[in-house]
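In: task: produce atomic coordinates for the following.
(chains A and B)
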Amino acid sequence: MSEATPRKRSEVADVDRSLYDFVKSEEGYERFDDGLSEEVVREISAKKDEPAWMLDLRLRSLDIYEHTPMPANWGPSIEGLDMAHISTYVTAGSEQATSWDDVPEDIKDTFERLGIPEAERTSLAGVGAQYDSELVYHNMREEVAELGVVYSGIEEALHEGWEDVIREHFMKLVPPTDHKFAALHGAVWSGGSFVYVPAGVSLPYPLQSYFRLNAAGAGQFEHTLIIVEPGADLHFIEGCSAPKYNVANLHAGCVELFVGKGARLRYSTIENWSKNMYNLNTKRARVEEDGAIEWVSGSFGSHVSYLYPSSLLMGARSSCEFTGITFAGGGQDLDTGCKVHLAAPDTRASVATKSISKGGGVSTFRSSVVVTPAAERAKVSVSCQSLMLDDESRSDTIPAMDVRSATAQVGHEATIGRISDDTIAYLMSRGIGEDEARTMVVNGFAEPISKELPLEYAVEMNNLIKLEMEGAIG
Amino acid sequence: MSERTTVLTGVDAARAQTWNRLGINETTLEVPTDAGAAGSGAAGAAGAAGEPPAWAADVRLIAGAEAQGWLDELTSEPVSGVSCAEEPHEILAFLGDVAGEPLDVSAASLLCEAGTEGAVTVIAAGEAATTANTCRLVLEAGATATADILVARPKDAIHVQSFGATLAEDASLTLRVWILGAAKTTLAVACDLEGARSSFASELRYLAEGEECVDITYDVRQLGRDTKAAIGASGVLTDRAAKTLRASIDLVRGCKGSVGSESETVLVAGEGVRNKTLPVILCSEDDVQGDHGATIGSLSPEQMGFLSSRGLSEEDVVALAGQAIVDDAASALGNDALAEIVGWTRAARGPEAAAQAADAGALIHGTLCDEASKED
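Out: So this is what the prediction gives:
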């Protein structure tokens, strides 16, 4: 195209966050002083009446945090995050309820606006709702409880007969030494869910935890621990959001998933933090023989994200599927992707990601695939597609592969580009209007991901990526 | 190896880095510090000693500050040439044939004036324990150049290669690299496609066996409109060989209409092989196409089934794949002496290698210099 004929632009709207961008008063809330200290850590532990080993872990984590630098050679800047101005614990002070009627009115209103109670009634086996640092609601259908499934707050589980199990698994997949914000999490974690699915049990509906951070200048550090015993099957959904403030908020949660022999776990996330959020979350799954982990991940919010769900395929014939989409708009630097570690024979991994960048947003796909010598006959495929919607934005792909097995097969493909003129021209040659053709292409781009989401989240995602087609293509 | 050595860090570093625990971002290199044997024979117009010519001084190099400093320090007689309309120019740098010396370091710079053609050939073969070379190419508008690099060293030798090129509009550069042997080979290629419609195409082929290590970094920046970059890499790894490839294509804002692609095929044929790949695409321009594809693995049961039906064992197939790389080098460089030296590389990477290398090196050096003088 000649320089004299500038391309007309089609506009894709920013993610519409009005649904999530409402603030409730913090009046009457308990809020720890900003900053991080041993005193704060001890205070959190004392508040939760924890066993001594947990306090020890917190203090050890604090020490690791203080001595661990951030990597200087990769990743988005977190210069705007100052722990001296983050409160690590904020609570409304309400008791955890098992009925929405017992949840304080303004908090209940928050979750109703987010559609959580309605989703619980129609399509979920259980719901946990966290507001700032504490769970405010947790409930599970009776018929699911009768199957022996445990779904509760992790702190409640710690005090109700599951201490040994939690101690055996807590921060074992993600040790405090993993990275600086894993250490921070170990020091100040609060809230989160514990799920135990007995051997052979398949849940008919998903469980869902929703995390809402309402307080300005606060951090949320929930811990999710899920154990799926051999032959069991679970779909767990995680949602999160926050209103936008002009100060930094921090999310440094941790998810540890243990998938037993022949078990299957699908872990779906729609993350829609506000654009002042630093999302430094860590998620990891260990999969035993013939087990399967499936990640479905949508990253739409936050100012800065470091998010790479990782899968450790430790058992023969275990498998991992990762399906992810990232939408980076103006003011966002989202560094997302996944890690897969194949350490047993005949393991399988499939990674498919899409990213969209617009309005000056930065989207980085980062992944690692490590195939150890033990992973005989392992098979891996990685596909990463990025769509650039303007020339103010940025899209990078940084996939790393380390193959040490002589019998493995690893395939990788990545593409970056705009909507192809040829594609539009082809569709138009079949009688489809220009705008419609463009809409079809963009919808088709996201469709492989949206079809993996639960229906209500697929609808939410389509709303999030609302496409407003105008003008003609260049 | 000289008694005096130093360990260079930050060698061949990737521009866009990732998790340090993967050990893929960069490498280290132990090299001799003796400067006694710098600057082996090279055919081409002589340039000023020490620094590269002014026209090459700004060519970007990415071997790393320590590695490039070491290269520059030990290069005493850099060679340079200018290809002009009246006289196309070719530079040949042959490394490793300085008998009895542990170290052979050279540098070559080539300026191709507008509309001209030029060529650079770097051959690292022979006896010296460590060979190293820096190539700087500047291509003016419409210029065309080819650069061929062959590394065929004994099993205990090291080769360090730094390569940088800057291309103006409509310029075109083809880089072909064959790495057929050395204890460790490092190759750092930087290419800046500054001019509109400039293009860079590179084919890298490598063969690593035993404990050999190949470490390669490409960093191509596409700055001009409608530029094209294509990086292809393929190789065979056997025994306990290791290979790291970092390939970056940077589609810089403003390079509208540009296309960048990377492709890699690795045949893994050894229980102790380690293959690392970091294929990076950086993009800050929407009207571009960037893609990467990689296939890493062994022969599949289906492939082996077919090949077995034709009477080939897996060992036969791996040997054929390796020989194909050697034959490709010999064929592409178009010289009987080269064929001889690469044949030697395949056949005699044993105790007699050094002597054979010296003989073959002398032969090839003489042959190519003769050819160069004929062209002059």
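In: and stretch A:31-47, how far out from the chain middle?
Out: Using C-alpha atoms, centre = their mean, to the nearest Å, the mean C-alpha position of stretch A:31-47 is found 26 Å from that of the whole chain.
In: state the mean pLDDT of it.
Out: Mean pLDDT, computed over stretch A:31-47, is 93.
In: ok, the closest residue to residue B:239 other than its chain neighbours - contacts?
Out: Closest residue to residue B:239 apart from its sequence neighbours, by C-beta to C-beta, 6 or more residues apart in numbering or on different chains: residue B:270 at 4.5 Å. The C-beta positions use only the backbone N, C-alpha and C, and glycine is treated the same way. For residue B:270, the contacting residues are A:406, B:209, B:237-241, by C-beta atoms under 8 Å, 6 or more residues apart in numbering or on different chains.
In: among the residues you listed, the buried ones, what's the ChimeraX command?
Out: A single ChimeraX command selects the buried members of the contacts of residue B:270 (16 or more other C-beta atoms under 10 Å in any protein chain shown):
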select /A:406 /B:209,237,238,240,241
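In: and which of the contacts of residue B:270 is nearest to residue A:334?
Out: Closest approach to residue A:334 among the contacts of residue B:270 (C-beta to C-beta): residue B:237, at 35.1 Å.
In: with adjacent residues omitted, what lies nearest to the closest one?
Out: In space, not counting the residues next to it along the chain, residue B:237 is nearest to residue B:273; the distance is 4.4 Å by C-beta to C-beta, 6+ apart.
In: next SSE downstream of the helix or strand of chain B with the lowest mean pLDDT?
Out: Lowest by mean pLDDT, DSSP states H and E among the helices and strands of chain B is strand B:42-43, with a mean of 40. Following strand B:42-43 in sequence order, the next helix or strand is helix B:65-74 (DSSP states H and E).
In: any idea of the mean pLDDT for that next one?
Out: Rounded to a whole number, the mean pLDDT of helix B:65-74 is 93.
In: so what touches that helix?
Out: Applying C-beta under 8 Å, 6+ apart, the external contacts of helix B:65-74 come out as B:6, B:8-12, B:29, B:31, B:33, B:35, B:38, B:61, B:63, B:103, B:105, B:107, B:132-134, B:160, B:162, B:186, B:188.
In: ok, which pair from the contacts of residue B:270 is furthest apart?
Out: Taking C-beta to C-beta as the measure, the contacts of residue B:270 reach their widest spread between A:406 and B:209, a distance of 13.3 Å.
In: returning to what we had before: quick check, nearest of the contacts of residue B:270 to residue A:351?
Out: residue A:406 (22.2 Å).
In: which stretches in the stretch 251-376 of chain B count as helices?
Out: Under the criterion DSSP state H, counting those that start in this stretch, the stretch 251-376 of chain B contains helices at B:301-309, B:314-333, B:336-347, B:353-375.
In: and chain A, what are its domains?
Out: A:13-307, A:422-474 (automatic domain parsing).
In: so which of those domains is nearest residue B:113?
Out: domain A:422-474 (36.7 Å).
In: report how many residues lie close to residue 322.
Out: As the question left the chain open, I've gone with chain A. Residue A:322 has 24 neighbours, counted by other C-beta atoms under 10 Å in any protein chain shown.
In: ah, no, chain B please
Out: 22.
In: measure it to residue B:307 for me?
Out: In this structure, residue B:322 and residue B:307 are 15 Å apart, going by C-beta to C-beta, to the nearest Å.
In: do you know how far the residue of chain B most remote from its centre is from chain A?
Out: Most distant from the centre of chain B: residue B:309, at 37.3 Å, with distances by C-alpha atoms, centre = their mean. Here residue B:309 is placed at a distance of 20 Å from chain A (C-beta to the nearest C-beta, to the nearest Å).
In: show me which residues of the stretch 151-300 of chain A are close to chain B?
Out: Within the stretch 151-300 of chain A, no position lies close to chain B (C-beta under 8 Å from any C-beta of the partner chain).
In: right, and residue A:214 touches residue A:131 too?
Out: Yes - Residue A:214 lies in contact with residue A:131 (C-beta atoms under 8 Å); the separation is 6.3 Å.
In: the more surrounded of those two?
Out: Using other C-beta under 10 Å, the more surrounded residue of residue A:214 and residue A:131 is residue A:131, with 29 against 24.
In: that one: what's it in contact with?
Out: Residue A:131 touches A:92, A:107, A:110, A:212, A:214, counting by C-beta under 8 Å, 6+ apart.
In: what do you get for residue A:373?
Out: Residues in contact with residue A:373 (C-beta under 8 Å, 6+ apart) are A:404-406, B:271-272.
In: residue A:47 now?
Out: residue A:89.
In: again, 7 Å this time
Out: Applying C-beta atoms under 7 Å, 6 or more residues apart in numbering or on different chains to residue A:47 gives no contacts.
In: likewise for residue A:120?
Out: By C-beta under 7 Å, 6+ apart, the neighbours of residue A:120 are residue A:127.
In: how about it, secondary structure?
Out: helix (DSSP: H, G, I helix; E, B strand; the rest coil).
In: can you get me a residue count around residue B:4?
Out: The number of residues packed near residue B:4 is 9, by other C-beta under 10 Å.
In: my guess is it meets residue B:33, correct?
Out: Yes - in this structure, residue B:4 is within contact of residue B:33 by C-beta atoms under 7 Å, at 4.7 Å.
In: and the domains of chain A: which comes nearest residue B:95?
Out: Judging those by C-beta to C-beta, what sits closest to residue B:95 is domain A:13-307, at 32.2 Å.
In: can you pull out the helices in chain A?
Out: Secondary structure of chain A (DSSP state H): helices at A:38-47, A:52-67, A:105-113, A:116-123, A:142-145, A:154-159, A:163-169, A:180-188, A:421-429, A:434-450, A:455-464.
In: any idea how far residue B:168 is from chain A?
Out: Counting by C-beta to the nearest C-beta - residue B:168 and chain A are separated by 19 Å.
In: contacting residues for that residue?
Out: Residue B:168 sits next to B:139-141, B:194-195, B:198 when contact means C-beta under 7 Å, 6+ apart.
In: reformat those as a markdown table; add pLDDT and distance to chain A.
Out: Putting those into a markdown table (pLDDT from 0 to 100; distance: C-beta to the nearest C-beta, whole Å) gives the following:
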| residue | pLDDT | distance to chain A |
| --- | --- | --- |
| B:139 | 98 | 24 |
| B:140 | 97 | 23 |
| B:141 | 98 | 18 |
| B:194 | 98 | 18 |
| B:195 | 98 | 16 |
| B:198 | 98 | 18 |
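In: and which of those is nearest to residue A:52?
Out: For these, the closest approach to residue A:52 (C-beta to C-beta) belongs to residue B:194, at 64.4 Å.
In: which residues sit in contact with the closest residue to residue B:115 other than its chain neighbours?
Out: Leaving aside its chain neighbours, residue B:115 sits nearest to residue B:142 (4.4 Å; criterion: C-beta to C-beta, 6+ apart). For residue B:142, the contacting residues are B:114-115, B:170-171, by C-beta under 7 Å, 6+ apart.
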